[in-house]
Structures are given as structure tokens and as C-alpha cells.
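Peer 1: with the sequence up front, the predicted model follows.
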Amino acid sequence: MSQISSILKRDMGLFYKDLQCKPEFSKDSCDIDLVADFTEYNPLHNGHFHCMKTARDAFPDSLFVAIVPGLFERSGRGIPYILPRELRAEIAISVGADIVVEGPPMGIMGSGQYSLCLCKMFKSLNTSHIPRGYKKVEGIDEILKRINMGHHIAPRPYKIVDKTTGEILLKDKLEEDNYVITSFANSLSKIGFDYTDKFLFVERIGGVSGTLIRQSIIEDNFSNVFDMMPQKTIDVLKDAIKNDLIIYGVRDEDTILDTANNFTFEQLSNLNLFNEKLAKNIVDNRPFNDIDELKKSILYGFSSHYKERILSILENPIEKSRISEYIDGYPSNIRVLGYQNEECLEKFKQKINNENVSLF
């Protein structure tokens, strides 16, 4: 069995185990503040480190918790991560995080679904502050100001709305990082989490190129990106390349093709993110001999990464109803991927309001 097949099989077991787990709520007995940052760390670069350091400087006595998406190792774009989450957690701990916890399975969910899960995680962690990187563009200052006033800010097609006042704050669409902020605010409002003055907005720094970083990994040549990442990230990447642990772009193609070729129309229709039109198109055009053939039968969807998300669903075929159950109970279990020391771990357990804590 290949490395990626083993990871996906293990994570499917964890998904269904979490699905059966019921959250045990408790009140925190620790007066320490908790700073929770959600970042994929794919991989952790100087932009991430700058945001972490800014938050640590602003709240020096707080417990810093990094939420790193985990199950199935697929990003919000449906694309395999560069490193497995235990290695991403190792890097985060080495550069200053106190605790790293596993976030939701982004690659098999729609953006609204995982945004909701993330916000439920913030609530479960009893989060005091949320650092978030943003890109300086026209109109963003007023949006960020309203969010920290606790207003219900919601993204709509080609506009950003303040639902608290009924005003349209921006008649345009936002780029990814800025859009994520408004999506978080919208989801936090929906679950009744008061985020007034909780966000710490950190302007993105320049000089970091994800494209160049990914290319350096493919070529095993970091000469052009040494200044873009902490040394620990580079060390872990080099070791991962040496030991064949890089999972970027690697898929369980056998499972994908098996699902596409052998699931019934009804089974396909019931998968998360699927509809009858997509299921029919796959059934009508099979059998597929390779992934490229299959991708041609996946209709274009709501985002430019829709096809990659659908591949991740075929790779990890989970029904819509199961995903809904999972979201309803999320986080039923808080899985710790890494921690600085036992003292940090104990403070973390005392602070959060979920007694189900496990180590990865």
C-alpha cells in the first residue's frame, strides 16, 4: 500500500470515529488568554511566521494555538498538501506555537462547510484573539473596522454587506485572504460567537511567493527561496524530500477511478458536493482509464478548483448526510498534533470547553 493510500485509509477511520464521538462540554477553569490562528502552513513561510510573531508580541502572556487542517490532507482547493500535518505541526511548534490542533477536512468540503467548522472550533477553544493576515486594498479598512465592532459582515456575489446596519461596504469581490476574513465573520455570526475586538488584523508582508516555494520543492533546489521561509521549514522539507514524504500532487488514483467507474448513479449523487447532473455525466462517460479522462467529465463548478475538490471526494467517498452529521457535532474531538511542553498542554485542556482531547 502506498504512503498516500495508508494516510487516507487511516483518516477515513478517524473521520468515522469522530462522527460517533459526542462532545463533552465543560467550563474553562483557566484565566489565560488563548490566541487561535487558522493557517494551512503549506508550507509555513515568513508570512505565516510574521503573523504568528505579531500576535505573540501583542499578547505575550497568551497561549498560542495553531489550527492546522488535517483529515485527508487536501487543501481548501482540493489539492494535496506538500507535507503531512504532523510535519506541518512540527514546524509550527518549532517557530513559536504552543499547541497545534487538527482542523476540519477542508478538501472534501465546500468553502461554507469548512468555514463553519473552523468557527465552531474557535468557539470550542474559548478563543480570546484571532490573528489574521490581510492584503491592503481599497475599502478593506472599513470592512475590518466593522468586523472588530462585532458587526455581522457577509460576502455576497460582487459585494460585501454589513448585515448589522444593512449597508453595502464594497461593490466588488475580495481576493482570497480578504474574502476568508469576511467568510469567517459571517460564519461566526451564524453560530452566535461574539468576535468584538477579537481579531488582530496583520497586513501581509511582501517577498514571499508560494509558486516559487512549490517549484523549489519539486526541483529540490531552495537557492531562490531561502529568504522566504524559516530555516526549520527548509530543514523539514529537505528531510521529507530525502525520505520520500512529500505528498504534494500525489493522489490515490486507484480509489478515484474505482469510485468513478463502479459507484451507482445514486451512490455518486449522494456524495458531498455532487449533484445529479455531475453524477449522470460521470456514469454516461465511463469507464475511465486514467484521471485525465475523468477530469474531462467533471463539469465546471462554482470555483476554479471545483474539479480538484471532486477528485478528493471520489478519493474519499463520503455521503452528504455524513458530512452534515460531522459538521453538526464538530468538533466532537479535539486532536492535538503537537505541543511545546506538558505545562502548555495542561493549560490548553483547562482553557477549552470540550473535554474530549486526544493526541495524534
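Peer 2: Good, I have the coordinates. The shown structure was predicted, so the numbers you read here are calculated from the model rather than taken from an experiment.

Peer 1: so where's the stretch 51-200 of the chain uncertain?
Peer 2: Residues of the stretch 51-200 of the chain meeting the criterion pLDDT under 70: none.

Peer 1: which parts of it are strands?
Peer 2: Applying DSSP state E, counting those that start in this stretch to the stretch 51-200 of the chain gives strands spanning 63-69, 99-103, 130-134, 153-156, 159-162, 167-170, 199-203.

Peer 1: for Leu314, which of those is the nearest?
Peer 2: Of all those, the one in closest proximity to Leu314, counting by Cβ to Cβ, is strand 63-69 (19.4 Å). Where you see a C-beta, it was placed from the backbone N, CA and C, and this is true even at glycine.

Peer 1: tell me what angle the closest one forms with strand 130-134.
Peer 2: 60 degrees (axes from the mean of the first three to the mean of the last three Cα atoms, to 10 degrees).

Peer 1: who does strand 63-69 pair with, and is each partner parallel or antiparallel?
Peer 2: strand 34-38 (parallel), strand 99-103 (parallel) (DSSP bridges).

Peer 1: one step back: make JSON lines out of the strands of the stretch 51-200 of the chain and add mean neighbour count and distance to Thr54.
Peer 2: Output for these, formatted as JSON lines (neighbours: other Cβ atoms under 10 Å; distance: least, Cβ to Cβ, whole Å):
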{"stretch": "strand 63-69", "mean neighbour count": "25", "distance to Thr54": "11"}
{"stretch": "strand 99-103", "mean neighbour count": "26", "distance to Thr54": "18"}
{"stretch": "strand 130-134", "mean neighbour count": "21", "distance to Thr54": "7"}
{"stretch": "strand 153-156", "mean neighbour count": "19", "distance to Thr54": "22"}
{"stretch": "strand 159-162", "mean neighbour count": "20", "distance to Thr54": "24"}
{"stretch": "strand 167-170", "mean neighbour count": "16", "distance to Thr54": "25"}
{"stretch": "strand 199-203", "mean neighbour count": "17", "distance to Thr54": "5"}
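
Peer 1: output the ones you listed as TSV; include the columns distance to Glu293.
Peer 2: Output for the strands of the stretch 51-200 of the chain, formatted as TSV (distance: least, Cβ to Cβ, whole Å):
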stretch	distance to Glu293
strand 63-69	29
strand 99-103	33
strand 130-134	39
strand 153-156	35
strand 159-162	39
strand 167-170	42
strand 199-203	44
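
Peer 1: looking at those, which is closest to Arg214?
Peer 2: The nearest among the strands of the stretch 51-200 of the chain, by Cβ to Cβ, is strand 63-69 at 17.5 Å.

Peer 1: how about the helices in the stretch 201-350 of the chain?
Peer 2: 210-219, 231-242, 253-262, 265-269, 276-285, 291-296, 306-315, 320-328, 342-351 (DSSP state H, counting those that start in this stretch).

Peer 1: most tightly surrounded among those?
Peer 2: Of all the helices of the stretch 201-350 of the chain, helix 306-315 has the most neighbours on average by mean count of other Cβ atoms under 10 Å, namely a mean of 24.

Peer 1: who's in contact with the residue most central in space within the chain?
Peer 2: The C-alpha lying nearest the average C-alpha coordinate of the chain belongs to Pro69 (Cα atoms, centre = their mean; 4.1 Å). Contacts for Pro69 (Cβ atoms under 8 Å, 6 or more residues apart in numbering) come out as Phe38, Glu40, Ser75, Gly76, Arg85, Glu102, Gly103, Pro104, Pro105, Met106, Tyr114.

Peer 1: cool, Ser358 as well?
Peer 2: Ser358 neighbours (Cβ under 8 Å, 6+ apart): Asn333, Ile334, Arg335, Val336.

Peer 1: pLDDT value on the third one, please?
Peer 2: Right, Arg335. The confidence metric pLDDT takes the value 96 at Arg335.

Peer 1: just to revisit the earlier point, how about the strands of the stretch 51-200 of the chain, which one is nearest Pro287?
Peer 2: Per Cβ to Cβ, nearest to Pro287 of these: strand 63-69, 32.9 Å.

Peer 1: how far off helix 342-351 does the closest one point, in degrees?
Peer 2: Going by the same axes, to 10 degrees, strand 63-69 makes 80 degrees with helix 342-351.

Peer 1: skipping its backbone neighbours, what lies nearest His129 in space?
Peer 2: In space, not counting the residues next to it along the chain, His129 is nearest to Val35; the distance is 4.6 Å by Cβ to Cβ, 6 or more residues apart in numbering.

Peer 1: again, but for Glu325
Peer 2: Leu19 (6.0 Å).
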